[in-house]
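Visitor: quick check, what structure comes out for this input:
(chains A and B)
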Amino acid sequence: MRIDATGMDFQTLNRKLRQADTEYQISGCCGQRFIAAGMDRKRIAIDGIPGNALGAYLNGATIAVHGNAQDAVGDTMNAGAILIYGNTGDAAGYAMRGGKIYIKGNAGYRAGIHMKEYQEKVPVMIIGGTAGSFLGEYQAGGRILVLNLLESGRNIAGNFPCTGMHGGKVFFRGKAEGIAFPRHVCVREATPDDLEPVKKDLAEYCRLFHYDCAAVLHAPFTVVTPDSKNPYKQLYVAN
Amino acid sequence: MDTMEGRVRIPSGCAIAAVISRGGEKMTGETIIEAMKPMHDRSNGLGGGFAAYGIYPEYKEFYAFHLFFDGRATRKSCEQFLKERFEIVRSEILPTRKIPAITDEPVIWRYFLSPLRSVLASLQLDEKEFVARVVMQINTGMPGAYVFSSGKNMGAFKAVGFPEDVGAFYRLEEYEGYSWTAHGRYPTNTPGWWGGAHPFTLLDYSVVHNGEISSYDANRRFIEMFGYQCTLQTDTEVITYLMDYLLRRQKLSLQEAANVIAAPFWSTISSKPMGEERERLQYLRTVFPSLLITGPFSIVFGFNGGLMALNDRLKLRSMVTGEKGDRFFIASEEAAIRAMEPDAQNIQAPAGGEAVVVTVKDGAF
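Guide: Below you'll find the predicted structure:
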């Protein structure tokens, strides 16, 4: 089903998406919020700029954005996939607990803030370009990959990455030089064993965005994990 | 529908937008009103407003005062007060349009003023300081009268309502400016009223702001030592006065003022290589510690000849910029920029604390 969203308010647009069709093509999108919130099974392609909280609480649907996305993409999503062919705003994957977010371009501030995982639910976010400050802030689980494939000359991440991290993994393609990490995380070169669990996702990412996966992998990767020997004890109070 | 307070959630956050022509080309208010439409849900109808630069070319030598009055008597006594201090070159009712969405409007007048030389000489004040003091005197000492715009060749237009309705109410399609800013309000700490809508202005400075600053009282206590009186308990008023103090009184550059109010963390400063830049940042943080603004904010600061966009150093609010031809766009959301210019290029999100200054080329305004 095709939907021309020009001038349409977000409630009307979301009502249309809840009809029986499983394939939707939205054109003329300009800032409508909460698109596809909580949806399962459907496939939604968007031309234009979706508004904040795209795919919030997503529960299995697939969303493809042929342009940039705004803030809080995939807020608390549980399952499904969000593909962004441009850049995202701030707080992409906020408190994400499952599913995938693949971003071709750059991510804004706080990508992957408070991602989490439980048993088979392991969310994955792959950022093709660079990430803003506070990448993976308070990360509790899941995997974040930043690839820096766009050769923008910018640092692969901004200031204060992995602040408050206490679970999950962040991978950087390359050596993450010039990035200051907090003392509560371990930063080391990734081994083949580290990369094994994300290879399938990376292959899918490369297929979608037309990269040669072998070439992408033909580089050292850096992995960041919380330092279990240096936990956050007594960070706030003595107890 | 259950509309009891606390049982209905209105998903919101203020909205800001701005557009400037670097070549100084004029545009009507219709462009900026378009920007506010996709961001409608960021406001809740309790405040909207606009600042426009270059709109009074025939009166560009005079201070353009826009005032709210609660009635005729207040206006008469305020006019008497103004007459003792200014030559009133022109005075008129600010043109508005009756629309159902905007109600309970105060009496709104516009004056073009030239300070009396004799008064300036006897007070030994420079002209801008004198005008700023008059604005403070009216706003704090004259109940029922409120100056909401006081710069040359610029004007603020604000009301209780959604921004697109406020734009229609003030007939902004009839004004032509080279630079416009806009605000849609979702008041969090104060009841929404006409004077409390954004932009806040002093002289030609204007601020539209999305945020919730936590240093309000620290900033207010400091700035009140220098004769500024914060009457409204709103963040944006204090930001306007901080900027006036830093730029007009301390003669800082825009970049320096941005480094004061959104100073980098000490850890960020100490990670910079030894040299002038690091010393400059250290100096500004040391000299003006009370003017650091903490908590989330994104602002567009307007002045004669340009705009500055600035986020708090943690970037707790969104802000996007774009360009097309000689026009530069700033907004809380990319959708707002696309509403003004679908083909906007070079969409960027400035980093926290990174001031983006756009000026009109020399002599074009």
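Visitor: from now on I want contacts and neighbour counts done on CA atoms only, so please keep to that.
Guide: Noted.
Visitor: what bits of the stretch 251-365 of chain B have low per-residue confidence?
Guide: Scanning the stretch 251-365 of chain B for pLDDT under 70 picks out B:363-365.
Visitor: can you read off the backbone torsions of the closest residue to B:Val160 other than its chain neighbours?
Guide: The shortest distance from B:Val160 to any residue other than its chain neighbours is 4.1 Å, reached at B:Gly47 (CA to CA, 6 or more residues apart in numbering or on different chains). Backbone geometry at B:Gly47, expressed as degrees, to the nearest 10, gives phi 160, psi 130.
Visitor: can you give me the helices in chain A?
Guide: A:10-17, A:192-209, A:213-217 (DSSP state H).
Visitor: what helix or strand is the closest residue to chain A within the stretch 251-365 of chain B on?
Guide: The stretch 251-365 of chain B approaches chain A most closely through B:Ala335 (4.8 Å), counting by CA to the nearest CA. Using DSSP states H and E, B:Ala335 sits within helix B:334-340.
Visitor: residues in contact with that helix?
Guide: A:30-31, A:49-51, A:70, B:17, B:31-32, B:34-39, B:320-322, B:329-331, B:344, B:347 (CA atoms under 8 Å, 6 or more residues apart in numbering or on different chains).
Visitor: surely A:Cys186 is in contact with A:Asn230?
Guide: No - the pair A:Cys186 / A:Asn230 is not scored as a contact, 9.5 Å apart, by CA atoms under 8 Å.
Visitor: compare these two (neighbour count), which wins?
Guide: A:Cys186 (15 against 11; other CA atoms under 10 Å in any protein chain shown).
Visitor: need the pLDDT of that one.
Guide: The model reports A:Cys186 with a pLDDT of 96.
Visitor: report the beta-bridge partners for it.
Guide: A:Thr225 (DSSP bridges).
Visitor: name the element B:Lys158 belongs to?
Guide: Using DSSP H and E, B:Lys158 sits within strand B:154-159.
Visitor: neighbouring strands - and their directions - for that strand?
Guide: In its sheet, and by DSSP bridges, strand B:154-159 pairs with strand B:48-53 (antiparallel).
Visitor: for the record, mean pLDDT for the helix or strand following the strand holding B:Lys158?
Guide: Per DSSP H and E, the first helix or strand lying C-terminal to strand B:154-159 is helix B:163-169. In this model, helix B:163-169 has a mean pLDDT of 97.
Visitor: same check on stretch B:84-99?
Guide: Rounded mean pLDDT across stretch B:84-99 is 97.
Visitor: measure that stretch end to end?
Guide: 36 Å (CA to CA, to the nearest Å).
Visitor: got a list of what A:Met165 touches?
Guide: A:Gly136, A:Glu137, A:Tyr138, A:Gln139, A:Ala140, A:His184, A:Val185, A:Thr225, A:Pro226.
Visitor: interface residues of chain A facing chain B?
Guide: Contacts of chain A with chain B, taken as CA under 8 Å from any CA of the partner chain, map to A:30-32, A:49-51, A:70-71, A:89-90, A:108-109, A:132.
Visitor: any buried residues in stretch A:168-182, and which?
Guide: A:Gly168, A:Lys169, A:Val170, A:Phe171, A:Phe172, A:Arg173, A:Gly174, A:Lys175, A:Ala176, A:Phe181 (16 or more other CA atoms under 10 Å in any protein chain shown).
Visitor: just checking, B:Asn259 touches B:Leu284?
Guide: Yes - with contact defined as CA under 8 Å, B:Asn259 counts as touching B:Leu284 (7.0 Å).
Visitor: surely B:Thr240 and B:Tyr205 touch.
Guide: Yes - the pair B:Thr240 and B:Tyr205 qualifies as a contact (CA under 8 Å) at a distance of 7.2 Å.
Visitor: more neighbours, these two?
Guide: The neighbour comparison of B:Thr240 against B:Tyr205 (other CA under 10 Å) goes to B:Tyr205, with 26 against 20.
Visitor: mind listing the residues bridging to that one?
Guide: Beta-bridge partners of B:Tyr205, as defined by DSSP bridges: B:Leu202.
Visitor: so it sits against B:Gly151, correct?
Guide: Yes - using CA under 8 Å, B:Tyr205 makes contact with B:Gly151 at a distance of 7.3 Å.
Visitor: can you get me a residue count around the residue of the stretch 101-250 of chain B found nearest chain A?
Guide: Relative to chain A, the nearest point of the stretch 101-250 of chain B is B:Glu164 (14.0 Å; CA to the nearest CA). By other CA under 10 Å, 24 other residues sit near B:Glu164.
Visitor: next: B:Thr286.
Guide: So B:Thr286, with other CA under 10 Å, has 11 neighbours.
Visitor: state the distance from A:Ile35 to B:Glu333.
Guide: The value you get for A:Ile35 to B:Glu333, if CA to CA is used, is 16 Å.
Visitor: quick one, which of those two is more surrounded?
Guide: A side-by-side neighbour count of A:Ile35 and B:Glu333, using other CA under 10 Å, places B:Glu333 first with 29 against 26.
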